[in-house]
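**Q** Predicted model and sequence below, questions to follow.
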Amino acid sequence: MSLETEVSLSVIQFTLLFYDYTLTFSREIELFWKRPRRSWPFVLFIANRYLIILSHVPSSIYMFWCSPLTLYDGISIIVVQTIGAIIMTMRIYALYERNRCVLTILVLLAVGAITVGLWVVFLLPSVPMAVAVPTQEPQIGCPGMGAFSSDDTGTL
């Protein structure tokens, strides 16, 4: 995928995410922030909601400056997915009337998923990115990471 396409898709994704947050922000204030009692579900909701935005900022900056963020991206994905899994586990546990058997299955599945995620991020050898085809024109962007370049057909 070319750098231009990757940047465009990233901007579209972040714009839709931010638009969704602005649409629901007034309800969030009304339903969560104005309530006097704070609880673990509240903390998990806020962490899930704002870690997603905060984790996109360095990745978005990466689109314009070259620095390896593969480890950061992997860790942020694991953290956000873990928070989401905890929230869903709490909901399913409540729906099944606090059945401990269901909770045990869900916790074992979550531990397995987190273990696989950590293994992939830290222990799996990283696959090298595709090497860009050399051209006569100077390249803009990160070499080997999908830089802008023109081919003989005049497309990017």
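**A** Right, received. Where do you want to start?

**Q** What are the buried residues along the one helix or strand in the chain whose mean pLDDT sits lowest?
**A** The least trusted helix or strand in the chain, going by mean pLDDT, DSSP states H and E, turns out to be helix 40-62, with a mean of 83. Using 16 or more other CB atoms under 10 Å as the test for burial, helix 40-62 gives 45, 47-48, 52, 55-56, 62. All C-beta spots, glycine's among them, are computed from the backbone N, C-alpha and C.

**Q** ok and the helix or strand just after that helix relative to helix 40-62, angle-wise?
**A** Using DSSP states H and E, the helix or strand that follows helix 40-62 in sequence is helix 70-95. When axes from the mean of the first three to the mean of the last three CA atoms, to 10 degrees is applied, the directions of helix 70-95 and helix 40-62 differ by 160 degrees.

**Q** now helix 70-95, how far from the centre of its chain.
**A** Computed by CA atoms, centre = their mean, to the nearest Å, the chain-centroid distance of helix 70-95 equals 11 Å.

**Q** Show the model's pLDDT score for Pro134.
**A** You'll see Pro134 listed with a pLDDT of 50.

**Q** on that earlier part again, and for the least confident helix or strand of the chain, what's in contact with it?
**A** Residues from elsewhere that reach helix 40-62 (CB atoms under 8 Å, 6 or more residues apart in numbering): 10-11, 14, 17-18, 21, 28, 32, 35, 69, 72-73, 76-77, 79-80, 83-84, 86-87, 90.

**Q** Sounds good, over and out.
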